[in-house]
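J.: Let's see this in three dimensions:
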Amino acid sequence: MNQGQSATVRFSVLEPWQDPRGGEIERIRLDNGILALEVLSLGGIIRSLWSPDREGNRANIVLATDSAAAYLAQTAHLGAVAGRYSNRIANSRINWQNHSYQLDNNFHGHCLHGGHEGFSRKLWHMGTLPDGLRLTLNSPNGDMGFPGNCQVQLDYRLAGNNLYVEFVAATDAPCPISLTQHSYFNLDGSADIRQQQVQLTADKVLLPDELGIPHGTMMVANSAFDLRRPVSLGERLQHPELAATKGYDHCYIVDNPQGTLQQVATVHSPLSGRQLTLHTNQPGVQFYTANFLGGTTGRRGSILQDHQGWCLEPQMLPDSPNQPLLPGNPWVLPGQTYHHISRYEFTTS
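T.: So this is what the prediction gives:
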């Protein structure tokens, strides 16, 4: 079944979890017979994503944990929505004209993924669509230091072998917005990702300092960052150019000046035959190989390890509110609409 075909989506309301902060966390499963998804109202988290292997057997391909308390205790943003601004903002500060805003400092003096109480820890309202779920969130003026009241809408939709992730947001004061889905994928369920093969079409990558703040761009040619042809991750994770970050944790620049939905990355598992192809309208994609995941609690009390999954995070570029020469304008003004759409296509070979 291709992206133009659809199937009936069946919904199951699962037993809610108790939120240790008070109240309940909703859990809804949707299944179109090809893909299935479990979503939490906590953080818009994708807790499970089932897709078929080359034999047609479905299995979960995202990392997760088993309780609200475990999700709230971890800092890996497992499966969650990162925002109000994903990735890093240098010195936890932004400036608009004559106004300076001090953001929440949660990462060595910088603001990461929206702060300590970013969107990954908020309770979203969930409702159903004919082919998926619609989640909404109101982030008040001053939330983690960000200006303006921000209304966010997130749709998870299933269409054949595709998962669509679509964000729409608006604000009543100038504010940078960058939202992304932070699932950790493992296409074969193995203990690590070294056999999986990645291809990224981008020919430029941001150069980060030791804390991930960009200080320039570089062409990927003749470097460990060149993923324009499929590369087995095991061949690259120990490369000297990746030593500082213990693997990939870099934002690739997508050449997409019109902001249209286009293919940017493919990851393939020779073991299971599963393949994920990412299409997005965003100007950047953070590729992260779970270099600091070790020690995070996973399913059934297991302890997750470094390089047990990988993330492809479509987004605006890190620190671009402070670096206007970077591609893409992250500032959303009153009356404007932020729009991010990504399509995750699952095939087998």
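J.: now the lengthiest helix in the chain, how far from the centre of its chain.
T.: Under DSSP state H, the helix in the chain containing the largest number of residues is helix 68-73. Averaging C-alpha positions (CA atoms, centre = their mean, to the nearest Å) puts helix 68-73 18 Å from its chain's average.
J.: Going forward, the N-terminal residue is numbered 5.
T.: Sounds good: first residue 5 from here, last item helix 72-77.
J.: mind listing what's buried in that helix?
T.: Residues of helix 72-77 classed as buried by neighbour count (16 or more other CB atoms under 10 Å): A72, A74, Y75, L76. Heads up, the C-betas are built off the backbone N, CA and C, glycines and all.
J.: any chance you could map the helices in this structure?
T.: 72-77, 237-240.
J.: okay, the ones you listed in TSV with mean pLDDT next?
T.: Formatted as TSV, the helices of the chain follow (pLDDT from 0 to 100):
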stretch	mean pLDDT
helix 72-77	97
helix 237-240	95
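J.: Let me know the pLDDT of the residue located most distally from the centre of the chain.
T.: For the chain, the largest distance from the centre (CA atoms, centre = their mean) belongs to N102, which lies 32.2 Å off. Listed pLDDT for N102 reads 92.
J.: can you pull the contacts of the closest residue to G220 other than its chain neighbours?
T.: Using CB to CB, 6 or more residues apart in numbering and skipping the chain neighbours, the partner closest in space to G220 is L211 (4.5 Å). Counting by CB atoms under 8 Å, 6 or more residues apart in numbering, L211 touches P218, H219, G220, T221, M222.
J.: at 6 Å instead, please
T.: Counting by CB atoms under 6 Å, 6 or more residues apart in numbering, L211 makes contact with H219, G220, M222.
J.: Equivalent analysis for L116, please.
T.: Contacts of L116 by CB under 6 Å, 6+ apart are R92, N110.
J.: in the sheet, who's paired with it?
T.: Listed by DSSP bridges, the beta-bridge partners for L116 are R92.
J.: Against I257, how distant is it?
T.: From L116 across to I257, the span is 20 Å (CB to CB, to the nearest Å).
J.: Please identify the buried residues of stretch 132-146?
T.: Across stretch 132-146, burial judged by 16+ other CB under 10 Å covers D135, G136, L137, R138, L139, L141, S143.
J.: What's the local residue count around R92?
T.: Burial measure for R92: 22 neighbouring residues, criterion other CB atoms under 10 Å.
J.: likewise Y188?
T.: By other CB under 10 Å, the residues close to Y188 number 25.
J.: next one: phi and psi at it?
T.: Dihedral pair for Y188: phi -100, psi 120, per degrees, to the nearest 10.
J.: Next up, the contacts around P212.
T.: P218.
J.: Report the beta-bridge partners for it.
T.: Applying DSSP bridges, one finds that P212 bridges with P218.
J.: mind checking how far Q200 is from Q327?
T.: With CB to CB as the criterion, Q200 and Q327 are 32 Å apart.
J.: Which residue of those two possesses the greater neighbour count?
T.: With neighbours defined as other CB under 10 Å, Q200 and Q327 compare such that Q200 has more, 28 against 16.
J.: Please enumerate the strands of the stretch 155-304 of the chain.
T.: Listed in chain order, the strands of the stretch 155-304 of the chain (DSSP state E, counting those that start in this stretch) span 166-175, 179-180, 184-186, 201-204, 208-212, 218-223, 235-236, 253-257, 266-272, 278-284, 288-292.
J.: Redo these as CSV? Include distance to Q242 and mean pLDDT.
T.: Converted to CSV, the strands of the stretch 155-304 of the chain look like this (distance: least, CB to CB, whole Å; pLDDT from 0 to 100):
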stretch, distance to Q242, mean pLDDT
strand 166-175, 32, 98
strand 179-180, 35, 98
strand 184-186, 25, 98
strand 201-204, 15, 98
strand 208-212, 19, 97
strand 218-223, 20, 96
strand 235-236, 12, 97
strand 253-257, 15, 98
strand 266-272, 19, 98
strand 278-284, 24, 98
strand 288-292, 16, 98
